[in-house]
Each structure stands twice: as structure tokens, then as C-alpha cells.
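1. Predicted model and sequence follow; I will ask about them next.
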Amino acid sequence: MGPVQLDHHTMPAEAPDPGLHDPLADTFPTGPEGRLLFWIAVAFSGFQIATAAHLVDLPSQVVRAVHVGFLALLGFPLIALARHRTGAVRAVAWAFALAGVAVAAYQWIEYAPLILRAGDPLPRDIVMGVVALVVVFCAAWMLMGPALPAIAGLFLAYCLLGQHLPSPLNHRGYDFAQVIDHMTYGTEGIYGIPVYVSSSYIFLFILFGSFLERAGMIKLFTDVSLGLVGHKQGGAAKVSVISSGLMGTISGSGVANVVTTGQFTIPLMKRFGYRAAFAGGVEATASMGGQIMPPVMGAVAFIMAETLGVEYVEVVKAALIPALLYFVGAFWMVHLEAGRHGLVGLARAELPSPAKAIREGWYLLLPLGVLVYLLFSGYTPLFAGTIGLALTVLLILGGSAVLALPSPVLRAVVWVALALVAASFFEWGIGPVLVALGALIAWNAASKGGRETLILCRDSLAEGAKTALPVGIACALVGVIIGTMTLTGAATTFGQFIVHVGDRSLILSLILTMITCIILGMGIPTIPNYIITSSIAGPALLALGVPLIVSHMFVFYFGILADLTPPVALACFAAAPIAREKGLKISMEAIKVAAAGFVIPFMAVYTPALMLQDGGPLAAEIGYWPAVLYIVVKAVLALGLWGAAVIGWLARPLPLWLRALAALAAGTLVAALPLSDEAGFALAAVFAALVWRRSRVAA
């Protein structure tokens, strides 16, 4: 195969419109209405930044209410316009949008009186509460389809009618006013922890990713990945694993990542000989893995930290080794697939230099480095996100401004001054940073290149707000489910069932929890999936002796893997038009590539050291760090054997009986039964000896 000319930052001609997968994936519509929505999105981002930086100090309840109000104001008309609906439908969409604004205004104006009459709502409170529920349900339906609203509706119906069910499913009964008051006022329903996290941490990190993407982070990650592994065996797929995983750490959305980085990586893999289904499966697997890859991870990680009441760094610590194993497993799969089909790497002459890419884009890594430092130093995600975002904007505007300076010395002086301003945040707060930003905005406004940079920043604000719509609306609606559980204690019933099963067999409880996560994930995003299943299964698994953070990570993993699992597999169907292959075929390949994601949670339950957590019989027997080393070695060996079994290649083709032996050895290593490890290592040794012997004979 001759060298392929790479234009690795333009969309391939055969790539479909991203809007096929997501009604909000396209840019803002043209025309007066589209312009109005664009500026509403900019105002939304401005409000969130102002409250995060304490430029505007409002009660948390008011911030949450305004956040949901903005979601409604932006979401309804934007979806109607993006889907080219008629004038009547768009008028109804604006009516819903204004109803959402009215609810937010009511919560703000009546904030103090509502606190005083908590538990004894007035008739007008009930009316506004019903409006709030209708707005949130309809917004979720328009944006994500009927699955999540249907599930939340069943929970709401259980609140109102559950007293008529047979025991033990019934509850004591609650009147209509009490249910509406619980769901729409206070912090137990739609304004609960998920919306709090969405209105603070998640929105900031989405903006952070939006600015970095527009500043060239995708180009930087892709160039570095191409330079490092593009020339290796099967380099095109390895580039996908690395670049999509890196981009996923700052984007936080697997499906969105598929339709951005996938526009380049999937056609590239196909061009170099990978099957279309396998190429789509690799991209979907790597993109979803970004949500579990520290340091930033996905939105669920922030919700988990808030729910568990632990520092974010504890979630990162628990996710670190499993995430690395996830990507090592994917990398191993694409390496074996390339060997099986004789797929060579890309021509070195056509590849960018990773050193040059870092020299040109090094400044983009500074905000990410500062963010990691702050998160690991014990600062809150809100503080870290605010500083990371401010530093990103300083770098983007500063980088544009210094280009006009004639002297390298002057450029160095400006960079040093900006560094001092950024550092002053810790001592004097946001004031010096705002002054510097104002000066840089004025400086950039004076030149053509600077004005283009200002437009980039403005567009990043709008795109960030639009990207936050699905997350924010899902967080609001899932509050109804959490509100039902806190009001009725419904989680206890299902939890008792899991505990009852677990008393007989922990593995059956884990499988039941896994199936619940995957079934829920067929129609709803990762965030509500995690919140629902962790509320139900988390306490139950804790009662069975599973460490709390491990039980939540177990649920988190399978909520993500639901987007790769048939029959729905959202990430795989997002990759389907790009790969020009059926989504189900891509899904079948994805679950092979993502094998690590399916086995690591089970291994961590039996040996918590895999997630750097105390506990478990192995750590008690041999010590904590020896247990960590042992379980990592065992997991790597199991993944290696599973890859050989699935792909059927290890330096040369493997017959079916050897593949079966490799699968048996891998499964035995994963199982936590008496003597299963010993049997697994013995089978692995037999497999290795047989492969070595066949190699000698063939040679």
C-alpha cells in the first residue's frame, strides 16, 4: 500500500453530518432566531462563570433554578429550530422555554418566602411546581427521546399511586401537594445534587473542554498520537485509541467524542485495511473510555465525589489503574487485529513530529497541568475548574496578542507577566485576572488576528452552553427519581432483594446489578444511569462487604459500557454512518475490544486493591502493595489471554482449541474461587508453552 496523504484536521469527504447523531451537534442555525439563541447561550455561560468565580453571589437554590431556566430557554427553541420544525411547533417550543424562565424567576423572587412555608405550599406554589415538572419532562423527551422520561414518569407515578401496590412494594401514601412540593422545591427533587453538580463543576469543565478544543487540543493530541505510534503495526487504530482517550478526558462525553475525533480516525483505519465494523468499535471503545480516564474523567465522576462526600482525588485514585488497564486492553486488541491481517503502519514521511507538535502547542497543556495539580492538591473541582478555565482564556488571548510583538524579548516579558497574573489568583482572587483579561480583550480587538481570537472565545462560550444541555436536562429529570427514593424509600426494597441474593452468592448480586445497569443504559445517558443504579445497588453492595467507592465504580463502569452493548449501543450507532457499517456489527466488535471494562469491575470487588482501596482477603493475607502488584499482573495476563482468544492471533494464527484454552485461562484468572488463580496461572503456562512449541515447529 502506498503512502496516504494525511490532512488530519479536516473532515473526510465521506463523513456524514454529525447532526445525524445529535440534534445539537451542528453549529447554531442561521437567521435571527439562531442568532438570538447563540447570544442566549453566551449569556448562559457568562452567568455560570460569574457565579463560579463569585462575581455574583446568589443562594445555591437560586443558582440551580436559574441553571434549569437557562436549559429550558435555550433547549426548546434550539431543538425545534435544528430539526426544522414548522412555525407552530417553534411557537410552542418558545412557550415552554418561557415557562421554564417563569419557574426560575418564581424560585428567585420567592426564595425567602418559600423557605418559610416549606412543607406547607400555597396553591400557586403547586401550580408553578407542576409547570416545572412538565417543562423538565418535555425537555428531556425532545432531547433524549422517551426512555428517560418514561422511567422518571414511572417513579413519579409510584409516589402518587404506590400505596395501592401489594406489599412489600407499597408505601404509606402521599398527597399530590406533598409530592409536588418535594419534587420541585428544596434540594431533594429536580434541584437536587445532580443539578447542583451540573450548575457548578460540570458546566465549568464542559466550557474548559470547549475552549481547549477550539484552541487546537484535538490537533495537538492527534499529531502527538500519529507521531508516536502511527508508524507501528496497525498504527492507524493505535492513534484512535490514544487520541480519542486523551480527548475524552477533557470532553467528558463519549458519544460526542465519537462524532468529533471519529471523523478522522475511522476513515483512517479503514484506509489502512481495518474492517469497517472493527474501526467503528475501536473508536467507540476509546471514546467511551475517556469518561473513566483521569485526570478529568466524565461528569459522573464529579457527581460520584459529591454523592459519596469524598474529595475528587479519591475518585481519580480509584479509577486510575482500571482506566489504564482498559486502554491497555484496547491497544492490545488492535495490535493483534493488525497482526492477524498484516496491517502495516503509516509511512513515517507522512507523519507529524510529536516533538514539533508539543513545541507548537505546549501552552495548551498548561491549563490541564494546573488543573491536575489543583485537583490532586485537595482544592475543590469548582475552584480548580474556575482557575483552569481562566488560565485557558489567558493563554488563548495572550498567545494571540504576543504574535503581533516584533521582539522575542517582549514576547517573553508578556508571557512572564501573564504567568504572574495567573499565580496571583491564589493570593488576591479573581480581580487581577479580570483586569488582565480586560486588557487582553482590548489588545486583541485592535488587530484582525486578535478579533478572530475573540470570536473563537465567544463561540466557545456558546458551544459550551449547548454541549451542557443534554447533561443538565438529564440531571434535572433524574432528580425526580432520586426524590422518589428519598420520599418513599423505594431503593430499600430493591436493595434488600440484592442483599438477599448476595447472602447466597455475591457473584449473582453483581451480575444482577450489571444487567440492571446495561438495561437502563439502553435508553438513558450515563449520568442518570449511574444515579439510579448507585442509589439502588450501592447501599446493597456495601451491605455485602463491597467498599463504597468500589461499588459505585462498579455501577459507573457498566453505565458507560451500556453505550457499547447491543441492542442500543449509542456510541456504536454514532460511529455507524462514519464507518458505513451497521451499528450492531460495530457493537459486537466494541464489546470485544472493551473486554477489560467488563472484567475489571468484578476483579475489583473481590480484590479492592485493583482500585487502590483497602480491604479484601488478599490484602489482609499478603499486604496492601503486594496485593496491588499481584492483581495488576493477574489482570494484565487475563487481558492478554482474552485478546489472543478473541482475535485468534499471537504472532501467528491460533487454532480454535488453543483459543478455547486461552479463554478458559483468562476466565479462571478473573474468577475469585478457591484455587482459581492457581488453575489460571497453570493454564496460562500450558498455553504459553504450546504457542512457543508451535512457533518453533513452524520456524
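-> Structure's in. What do you need?
2. Tell me, please, the helix or strand in this structure that averages the lowest pLDDT.
-> helix 490-504 (a mean of 67; mean pLDDT, DSSP states H and E).
3. Now do the helices in the stretch 301-450 of the chain.
-> For the stretch 301-450 of the chain, applying DSSP state H, counting those that start in this stretch gives helices covering 312-341, 354-376, 381-402, 408-428, 431-445, 448-488.
4. tell me which strands and helices the first one is in contact with?
-> Contact analysis of helix 312-341 by 3 or more Cβ pairs under 8 Å, 6 or more residues apart in numbering; DSSP states H and E lists helix 235-251, helix 276-289, helix 299-308, helix 354-376, helix 548-561, helix 583-593, helix 595-606, helix 624-647 as its packing neighbours. No exception for glycine: its C-beta is placed from N, CA and C like everyone else's.
5. Just read off the phi/psi values of Y174.
-> Backbone torsions of Y174, given as degrees, to the nearest 10, read phi -140, psi 140.
6. and what of P653?
-> Per-residue torsions, P653: phi -60, psi 140 (degrees, to the nearest 10).
7. what about G153, how many neighbours?
-> Residues near G153, counting by other Cβ atoms under 10 Å, number 16.
8. Skipping its backbone neighbours, what lies nearest it in space?
-> The shortest distance from G153 to any residue other than its chain neighbours is 7.1 Å, reached at F137 (Cβ to Cβ, 6 or more residues apart in numbering).
9. and the one you found, how far is that from I126?
-> 17 Å (Cβ to Cβ, to the nearest Å).
10. The two: which has the busier surroundings?
-> F137 (21 against 17).
11. Provide a list of residues in contact with the more buried one.
-> Taking Cβ atoms under 8 Å, 6 or more residues apart in numbering, we find F137 in contact with P149, A152, G153, L477.
12. Next, give me the two most distant ones among these.
-> Across those, no pair lies farther apart than G153 and L477, at 9.7 Å, counting by Cβ to Cβ.
13. now the helices of the stretch 301-450 of the chain as a markdown table including mean pLDDT?
-> Formatted as a markdown table, the helices of the stretch 301-450 of the chain follow (pLDDT from 0 to 100):
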| stretch | mean pLDDT |
| --- | --- |
| helix 312-341 | 89 |
| helix 354-376 | 82 |
| helix 381-402 | 83 |
| helix 408-428 | 82 |
| helix 431-445 | 87 |
| helix 448-488 | 86 |
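14. Make TSV from these and add distance to R696 and mean neighbour count to it.
-> Output for those, formatted as TSV (distance: least, Cβ to Cβ, whole Å; neighbours: other Cβ atoms under 10 Å):
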stretch	distance to R696	mean neighbour count
helix 312-341	19	22
helix 354-376	38	17
helix 381-402	55	23
helix 408-428	60	14
helix 431-445	66	16
helix 448-488	55	22
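15. Quick one: closest of these to F70.
-> Once the helices of the stretch 301-450 of the chain are compared by Cβ to Cβ, helix 448-488 is nearest, at 7.6 Å.
16. Distance from that closest one to the middle of the chain?
-> Relative to the centre of its chain, helix 448-488 is centred 13 Å away, using Cα atoms, centre = their mean, to the nearest Å.
17. Could you check how far the nearest residue to M142 once chain neighbours are set aside is from I549?
-> Excluding its sequence neighbours, the residue lying closest to M142 (Cβ to Cβ, 6+ apart) is I79, at 5.0 Å. When distance is defined by Cβ to Cβ, I79 is 37 Å away from I549.
18. Near S200, how many other residues are there?
-> Neighbours of S200 under the rule other Cβ under 10 Å: 24.
19. oh, I was asking about G643
-> Other residues near G643 come to 27 when the count uses other Cβ under 10 Å.
20. Now do the same contact list for the nearest residue to it once chain neighbours are set aside.
-> In space, and not counting its chain neighbours, G643 is closest to W332: 4.7 Å by Cβ to Cβ, 6+ apart. W332 is in contact with L639, G640, G643, counting by Cβ under 8 Å, 6+ apart.
21. Could you do L325 as well?
-> L325 sits in contact with A596, I600, V632, A635, V636, L639, where contact means Cβ under 8 Å, 6+ apart.
22. go again using 10 Å as the cut-off
-> By Cβ atoms under 10 Å, 6 or more residues apart in numbering, the contact set of L325 is A596, G597, V599, I600, M603, L610, V632, A635, V636, A638, L639.
23. what does V414 give?
-> Each residue near V414 by Cβ under 10 Å, 6+ apart is listed here: G398, G399, A401, V402, L405, L440, W443.
24. rerun at 7 Å
-> V414 sits next to G398, A401, V402, L405 when contact means Cβ atoms under 7 Å, 6 or more residues apart in numbering.
25. just A152 next, same as before
-> For A152, the contact set (Cβ under 7 Å, 6+ apart) comprises F137, L477, V480, I481.
26. and if we set it to 6 Å?
-> L477, V480, I481 (Cβ atoms under 6 Å, 6 or more residues apart in numbering).
27. Adding distance to P528, write the residues you listed out as TSV.
-> What follows is those, written out as TSV (distance: Cβ to Cβ, whole Å):
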residue	distance to P528
L477	7
V480	10
I481	7
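28. following the helix or strand harbouring A104, which helix or strand comes up?
-> Taking DSSP states H and E as the definition, A104 sits inside helix 87-109. Once the chain leaves helix 87-109, the next helix or strand it forms, by DSSP H and E, is helix 111-116.
29. pLDDT (mean, whole number) over the helix or strand just after that next one?
-> Following helix 111-116 in sequence order, the next helix or strand is helix 123-144 (DSSP H and E). For helix 123-144, mean pLDDT is 93.
30. Helix 123-144 versus helix 448-488: what angle between them?
-> Per axes from the mean of the first three to the mean of the last three Cα atoms, to 10 degrees, the angle that helix 123-144 makes with helix 448-488 is 120 degrees.
31. could you dump helix 123-144 to CSV, C-alpha only?
-> This file holds the C-alpha atoms of helix 123-144, laid out as CSV (Å, rounded to 0.1, in the frame of the first residue of the first chain):
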residue,chain,number,x,y,z
PRO,A,123,-51.8,26.8,45.6
ARG,A,124,-49.6,29.0,43.4
ASP,A,125,-46.6,27.1,44.6
ILE,A,126,-48.2,23.8,43.4
VAL,A,127,-49.1,25.3,40.0
MET,A,128,-45.5,26.5,39.5
GLY,A,129,-44.2,23.1,40.7
VAL,A,130,-46.4,21.3,38.1
VAL,A,131,-45.1,23.7,35.4
ALA,A,132,-41.5,22.9,36.4
LEU,A,133,-42.1,19.2,36.2
VAL,A,134,-43.8,19.5,32.8
VAL,A,135,-41.0,21.6,31.4
VAL,A,136,-38.3,19.2,32.6
PHE,A,137,-40.1,16.1,31.3
CYS,A,138,-40.8,17.7,27.9
ALA,A,139,-37.2,19.0,27.5
ALA,A,140,-35.8,15.5,28.2
TRP,A,141,-38.3,13.9,25.8
MET,A,142,-37.3,16.3,23.0
LEU,A,143,-33.6,16.0,23.5
MET,A,144,-33.1,12.4,24.5
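32. Show me what counts as buried in it.
-> Residues of helix 123-144 classed as buried: 125-126, 128-129, 131-133, 135-144 (neighbour count, 16 or more other Cβ atoms under 10 Å).
33. Please apply the same query to stretch 182-193.
-> Of all the residues in stretch 182-193, those buried under the rule 16+ other Cβ under 10 Å are H182, M183, T184, Y185, G186, E188, G189, I190, Y191, G192, I193.
34. so of these, which ones are in helices?
-> Members of these lying in helices (criterion: DSSP state H): H182, M183, T184, I193.
35. can you list the contacts of V414 in a markdown table and add distance to F44?
-> Converted to a markdown table, the contacts of V414 look like this (distance: Cβ to Cβ, whole Å):
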| residue | distance to F44 |
| --- | --- |
| G398 | 26 |
| A401 | 27 |
| V402 | 31 |
| L405 | 35 |
